[in-house]
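S.K.: below is the sequence, then the predicted model.
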Amino acid sequence: MRIPVSGEKERFPVWPCGTGAGSFGVYREDRLEKYKVLKEYFGYDGFRPGQEALIGGILGGQDVLGIMPTGAGKSICYQVPALLLPGITIVISPLISLMKDQVRGLNEAGIHAAYINSSLTEGQIRKAMELAGQGRYKIIYVAPERLLSGLFQEFLSRAEISMVTVDEAHCISQWGQDFRPSYLNIVHMIAGMKRRPVVSAFTATATEEVKNDILCVLGLQNPRVLVTGFDRENLYFEVRSGGQKDQELLQYVQEHRKESGIIYCATRKNVEAVCELLKKTGIPAVRYHAGLSPQERKYNQDLFIFDEQPVMVATNAFGMGIDKSNVRYVIHYNMPQSMENYYQEAGRAGRDGERAECILLYSPQDVRINQFLLEEKEFREEMTKEEQEAVRERDAQRLKLMAFYCTTRDCLRGYILRYFGEKTKRRCENCSNCLKEYTEEDVTNICKSILSCIREARRSYGAGTIAAVLHGSKSEKIRGYGLDRLTSYGTQAEVAEYRLREIIGELTAKGVLRSTDDKYATLRLTQAAEKILEGQEAVVMKFSRAEEKKAPAQKKKKQTSGDLDAAGWQLFERLRELRMQIARAEKVPPYIVFTDKTLMDMCLKKPKNRAEMLSVSGVGAAKYEKYGEQFLEGIRGR
Ligand code: ADP
């Protein structure tokens, strides 16, 4: 493999179509070549878990399915073999922003790539296809809508395609929330090709239904399926409940002023309010939701991606296809609708592998908001009543398990990983529950009161009402319903209402109570309640103490950034500034120049010359030629 030399007019290696004819799509695997490509183009010394196995499969001519969490490094799994296979790799990707970002990153790394989607004019597409036909691109990203177009089909009939890669492969599954009918074009495209290329598919969605759909619908042949662990060790998880959300948010964002973060809200209205709140306090923030014009959405997204504005306040409409690697925190102002959504959104933090924080601000009100949103959900026309009902039931169940995440006292990471079907350690020591100190309390009597109250009330009520009755609330509502005449009224007056609600929440999570799935979430007793009411079973629950064992923020920088001292951090700031200047001049997002992690490694290694700079993780040959000298000078302090 030839490495581009600085100053060459044609910096990018050119692979003419037809190279390797006869060895179609097959590569005699040479272990070293993979490492060479990884180092020379991407600047990395080793593969992450799962990458090598998938790359090996592809290079051996085998179809593969890689299921790996966000940030695990799926792109490398197809980009490295794409460079080693004789022909062209077609990557199908659902989002324009994602394609642009990937292509930009590849070109920076010295790999000639292109994209074809609706952001280009017909003329531009024609030109791109012409260059592709001349073998100018090794990797071509295509939107699924384009696959069956005449122009593209004509290109396929002439070109040598070694691999078809399906990114975000879950979009092919009708089970997932992201089903894209145009993904079915992929099947037709492959079927129509004169020789079947290797097919590789990647997704972060791990459910069995989705996995089987991908395997079946895409028709993967004898595939190597690899599911890596879903844990993202660099992410710290925290749930905060019972506090003032606005204050908590402001305080957090102010303490992390220099860092890039996303704040997710459940509704457009909340996005507007939170964005206003931040701006009023002098914190630069931009907004994103489906109610804004496409121009404003794009503009705001770019401000965020280019690090011009550090904070993005958004609904879940934002994020798919955002590759920004230096998002240092993701705060959920409202609880999302499912653990799948939560992990996907929170997972946008820390893609560079540096420590990042995922904080969920929970209030029971969030459950209502989501129930309302789910009720409003529209279904595709072709879905039958029964199918709609099944989806509604599944949504309600997912919401319940999401709410349990917010109230559990167990290790949060453990909860997440178990949800996705993985075995875990009891404690991770990197989530708010593991770092909090708990006291244990016997709450049998309180539970008995709660259960008696629910039994005694003639109708079913939700947690808030039951807590208010037991506490002895004098509100209109309680009196209006005549609930102040119940014998359990005021029997737990000394216990705070929020604590009573917490206990009710835990009883529901334990299956002693069952709450209805509608927006009222009214409570019923289950069989398990009898034992407690009859005094056969005691209930002990954990409650958090006000103070925490260790402040997570302090643990933070030490954990992944090694021994960066004060001078090291100053240097980091200087290099960030330099990166920003370069990014502005080149009109690319700063993380495309170098990721935060790469800058950190520079600050630790303080390279003095070319060879030392090339040993920094993330500095490949092409990047060195472009930026190496400037950063060496930056480190020398000039
Ligand atoms: P995914 O698509 O799985 O969400 P990406 O492909 O965007 O993840 O990779 C996330 C980050 O990890 C990127 O910055 C990428 O360059 C980096 N990365 C990937 N593979 C490696 C590796 N082997 N060594 C170091 N960094 C890597």
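M.R.: Arrived safely. Numbering: from 1, shown residues only.

S.K.: which non-adjacent residue is nearest Val367?
M.R.: Using CB to CB, 6 or more residues apart in numbering and skipping the chain neighbours, the partner closest in space to Val367 is Ala403 (5.3 Å). (Each C-beta comes from the backbone N, C-alpha and C, glycine too.)

S.K.: check which element follows the helix or strand that contains that neighbour along the chain.
M.R.: Secondary structure from DSSP states H and E places Ala403 in helix 385-407. Per DSSP H and E, helix 385-407 leads on to helix 412-419 as the next helix or strand towards the C-terminus.

S.K.: packing partners for the helix or strand just after that next one?
M.R.: As assigned by DSSP H and E, the chain's next helix or strand after helix 412-419 is helix 432-435. The contact analysis (3 or more CB pairs under 8 Å, 6 or more residues apart in numbering; DSSP states H and E) places helix 432-435 against strand 235-241, helix 412-419.

S.K.: just put those in CSV and tack on mean neighbour count.
M.R.: Converted to CSV, the helices and strands packed on helix 432-435 look like this (neighbours: other CB atoms under 10 Å):
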stretch, mean neighbour count
strand 235-241, 22
helix 412-419, 20
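
S.K.: can you list those in TSV and add distance to Gly261 and mean pLDDT?
M.R.: Output for the helices and strands packed on helix 432-435, formatted as TSV (distance: least, CB to CB, whole Å; pLDDT from 0 to 100):
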stretch	distance to Gly261	mean pLDDT
strand 235-241	13	95
helix 412-419	19	93
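
S.K.: of the ones you listed, give the one that comes closest to the ligand.
M.R.: strand 235-241 (12.8 Å; CB to the nearest ligand atom).

S.K.: tell me the gap between the helix or strand following that closest one and the middle of its chain.
M.R.: Counting by DSSP H and E, the element after strand 235-241 in chain order, helix or strand, is helix 245-255. Put simply, helix 245-255 sits 22 Å off its chain's centre (CA atoms, centre = their mean, to the nearest Å).

S.K.: just stretch 134-150 next, same as before
M.R.: That offset, for stretch 134-150, works out to 27 Å (CA atoms, centre = their mean).

S.K.: stretch 219-236 now?
M.R.: 14 Å.

S.K.: can I get that stretch in CSV? Just the C-alpha atoms.
M.R.: Output in CSV follows, covering the C-alpha atoms of stretch 219-236 (Å, rounded to 0.1, in the frame of the first residue of the first chain):
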residue,chain,number,x,y,z
GLY,A,219,-30.1,-12.5,3.3
LEU,A,220,-26.6,-12.6,4.9
GLN,A,221,-24.9,-15.8,3.8
ASN,A,222,-23.2,-17.9,6.4
PRO,A,223,-22.4,-14.7,8.3
ARG,A,224,-20.0,-14.1,11.1
VAL,A,225,-22.2,-12.4,13.8
LEU,A,226,-20.4,-10.6,16.5
VAL,A,227,-22.1,-8.9,19.4
THR,A,228,-19.6,-7.0,21.6
GLY,A,229,-20.3,-6.1,25.2
PHE,A,230,-22.6,-3.1,25.5
ASP,A,231,-20.8,-1.6,28.3
ARG,A,232,-19.2,1.9,27.7
GLU,A,233,-16.7,2.1,30.5
ASN,A,234,-15.9,5.7,30.0
LEU,A,235,-19.5,6.8,30.6
TYR,A,236,-20.6,7.8,34.1
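
S.K.: go through that stretch and flag the buried ones.
M.R.: Of all the residues in stretch 219-236, those buried under the rule 16 or more other CB atoms under 10 Å are 220, 223-226, 228-232, 234-236.

S.K.: sorry, back to before: give me the angle between the helix holding Ala403 and helix 412-419.
M.R.: For helix 385-407 against helix 412-419, the angle by axes from the mean of the first three to the mean of the last three CA atoms, to 10 degrees is 160 degrees.

S.K.: and helix 385-407 with strand 235-241, angle?
M.R.: Put simply, helix 385-407 runs at 90 degrees to strand 235-241, going by the same axes, to 10 degrees.

S.K.: so which bits of helix 385-407 are buried?
M.R.: Neighbour count says helix 385-407 has Val391, Asp395, Ala396, Arg398, Leu399, Lys400, Met402, Ala403, Phe404, Tyr405, Cys406, Thr407 buried, by 16+ other CB under 10 Å.

S.K.: helices or strands next to it in the packing?
M.R.: Applying 3+ CB pairs under 8 Å, 6+ apart, we find helix 385-407 packed against strand 235-241, helix 339-346, strand 356-362, helix 365-376, helix 412-419, helix 497-509.

S.K.: so which residues make contact with the first one?
M.R.: Looking back up the chat, that one is strand 235-241. Applying CB atoms under 8 Å, 6 or more residues apart in numbering, the contact partners of strand 235-241 are 248, 346-347, 349-350, 355-363, 405-407, 412-413, 416, 430-433, 552, 556.

S.K.: out of those, which end up buried?
M.R.: 346-347, 349-350, 355-363, 405-407, 412-413, 416, 430-433, 552, 556.

S.K.: close to the ligand: what parts of the stretch 301-450 of the chain are there?
M.R.: Neighbours of the ligand within the stretch 301-450 of the chain, by CB under 6 Å from any ligand atom: Asp323, Ser325, Arg351, Asp352.

S.K.: distance of the spatially closest residue to the third one that is not a sequence neighbour from Asp302?
M.R.: In this case it means Arg351. Leaving aside its sequence neighbours, Arg351 sits nearest to Gly71 (CB to CB, 6+ apart; 3.9 Å). Distance, Gly71 to Asp302, using CB to CB, to the nearest Å: 22 Å.

S.K.: in terms of neighbours, single out the busier of those two.
M.R.: More neighbours surround Gly71 than the other of Gly71 and Asp302, with 22 against 15 (other CB atoms under 10 Å).

S.K.: count of neighbours near the residue in the stretch 501-638 of the chain that the ligand sits nearest to?
M.R.: Nearest residue of the stretch 501-638 of the chain to the ligand (CB to the nearest ligand atom) works out as Thr595 at 5.2 Å. The tally of other residues near Thr595 (other CB under 10 Å) stands at 21.

S.K.: could you measure it against Lys324, distance?
M.R.: Taking CB to CB, one finds Thr595 at 10 Å from Lys324.

S.K.: one more: Arg126?
M.R.: Counting by CB to CB, the gap from Arg126 to Lys324 is 32 Å.

S.K.: picking up where we left off before, which of the residues of the stretch 301-450 of the chain next to the ligand fall within helices?
M.R.: Nothing among these maps onto helices, per DSSP state H.

S.K.: where does the chain get nearest to the ligand, residue-wise?
M.R.: Closest point on the chain to the ligand, by CB to the nearest ligand atom, is Gly73, at 2.9 Å.
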